[in-house]
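Asks: sequence below, structure please.
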Amino acid sequence: MASADEVLSKLSASNIFDLRGVVAVVTGGGTGIGFMISSTLVANGATVYAIGPDQSKLDVLAKTYNEACQGISTRGKLVGIQGDIRWKDEAKRLADEIGKREKHVTVLFNNAGIHEGYLGDTPADVGPNTSSSPSDKPASAVEFMQRYWSTTQENFDNSMRTNAIGPYWLSAAFLPLLEKWKGSEGGKKFAPQIIMTSSMNGWTKDPATCGFSFPYLFSKSAIGHFTSSLAHELLPLGIRVNGIAPGWFVTEMTAPGTIDTQGISHASEETLQSVEFDIPTRQAPTSGEPNIGGTNRDMGTLALFLVANWFVNGETVLIDGGTLLRHPSSY
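Replies: The predicted model follows:
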């Protein structure tokens, strides 16, 4: 029988979230929410492969953070790999490339996403923080049609491939590496898992919360459904599938051009005030930053929970600051 000291030691945060030996793959892992996840995993000992479109930027980021990890045994390592996650062949190539370097993978974060195709007279008229309010909606069917017509077929195709179809191929490609994790020493502590980044907009009935981007709304609904469907499919393998549904976070998507040399985005008060939907639970100002939405600490703690917990499967966790408590949704 374990002593009280042993029980308490096993339940300490430093033990539960000790990710040394964990191998994670994070698509879109060099920016935005993906980097919030990557940096948290590295901070707690994991080796993280961040997949993104620009190898040079990934290399700079990896160098910066790996230097900060040197000499600290509880920290891990960041590795950048260039890849276009939309395509079937790329999914296999990425899995093969990582398979040459690692015997197994603990967790695949299908996180990469894009946000485009806003409603308006022209695609440039509106964006994620400049969406039309209900009072600005057109009055006639013709005007409504013209508004919807501004979204292009390319917007839908690119959004679906990036946000929903790519994760299908990647999930399939990484299954053998995820299964191999079960036979490793680390497999006794952490279960293999696929984690999808959906969005609160996979459930919203109010397109204002997605910047009036129906391609984004459609694609995030699709990845949300894929999460639970794949979890059901993979029960025989013992590979869990869960999801994250973020609300408004400060990222390159929501605050373009504000990323610093540490890979962190910063939004001005003007940008924050331009968000045209209600976020009931906002963070208090820290370090001179204005009131903001979700932070890297918020996203990081959720990522740690999902990696460490064995008993959650087929679920998508909403992390939206209470936004969908105010806006109609099916969540």
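
Asks: where does the stretch 101-250 of the chain have low pLDDT?
Replies: Applying pLDDT under 70 to the stretch 101-250 of the chain flags residues 120-138.

Asks: switch to 50 and redo it
Replies: Applying pLDDT under 50 to the stretch 101-250 of the chain flags residues 121-135.

Asks: which stretches of the protein form helices?
Replies: Secondary structure of the chain (DSSP state H): helices located at 4-10, 13-16, 32-43, 55-69, 88-101, 141-149, 153-160, 166-181, 214-233, 269-273, 296-308, 323-326.

Asks: so which of those helices is the most surrounded?
Replies: helix 32-43 (a mean of 27; mean count of other CB atoms under 10 Å). (Each C-beta comes from the backbone N, C-alpha and C, glycine too.)

Asks: other residues contacting that helix?
Replies: 19, 22, 24, 26-30, 48, 50, 52, 61, 65, 69, 75-78, 109, 111-112, 197, 244, 246, 249, 251-253, 263-265, 295-296, 299-301, 303-304, 307 (CB atoms under 8 Å, 6 or more residues apart in numbering).

Asks: chain center to that helix, what's the gap?
Replies: What separates the centre of helix 32-43 from the centre of its chain is 9 Å, taken as CA atoms, centre = their mean, to the nearest Å.

Asks: what angle do helix 55-69 and that helix make with each other?
Replies: Interaxial angle of helix 32-43 relative to helix 55-69 (axes from the mean of the first three to the mean of the last three CA atoms, to 10 degrees): 30 degrees.

Asks: and the angle from helix 32-43 to helix 296-308?
Replies: Going by the same axes, to 10 degrees, helix 32-43 makes 60 degrees with helix 296-308.

Asks: can I get helix 32-43 as PDB, trimmed to CA atoms?
Replies: The C-alpha coordinates for helix 32-43 follow below in PDB (Å, rounded to 0.1, in the frame of the first residue of the first chain):
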ATOM      1  CA  GLY A  32      -0.800  31.400 -32.700                       C
ATOM      2  CA  ILE A  33      -2.600  28.800 -30.800                       C
ATOM      3  CA  GLY A  34      -0.300  26.100 -32.100                       C
ATOM      4  CA  PHE A  35       2.700  27.900 -30.600                       C
ATOM      5  CA  MET A  36       0.900  28.300 -27.300                       C
ATOM      6  CA  ILE A  37       0.600  24.500 -27.300                       C
ATOM      7  CA  SER A  38       4.100  23.800 -28.500                       C
ATOM      8  CA  SER A  39       5.800  26.100 -26.100                       C
ATOM      9  CA  THR A  40       3.900  24.800 -23.100                       C
ATOM     10  CA  LEU A  41       4.800  21.200 -24.000                       C
ATOM     11  CA  VAL A  42       8.400  22.100 -24.400                       C
ATOM     12  CA  ALA A  43       8.400  23.900 -21.100                       C
END
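
Asks: want to throw the helices of the chain into JSON lines with distance to A208?
Replies: Formatted as JSON lines, the helices of the chain follow (distance: least, CB to CB, whole Å):
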{"stretch": "helix 4-10", "distance to A208": "46"}
{"stretch": "helix 13-16", "distance to A208": "38"}
{"stretch": "helix 32-43", "distance to A208": "20"}
{"stretch": "helix 55-69", "distance to A208": "32"}
{"stretch": "helix 88-101", "distance to A208": "34"}
{"stretch": "helix 141-149", "distance to A208": "14"}
{"stretch": "helix 153-160", "distance to A208": "18"}
{"stretch": "helix 166-181", "distance to A208": "26"}
{"stretch": "helix 214-233", "distance to A208": "11"}
{"stretch": "helix 269-273", "distance to A208": "15"}
{"stretch": "helix 296-308", "distance to A208": "22"}
{"stretch": "helix 323-326", "distance to A208": "10"}
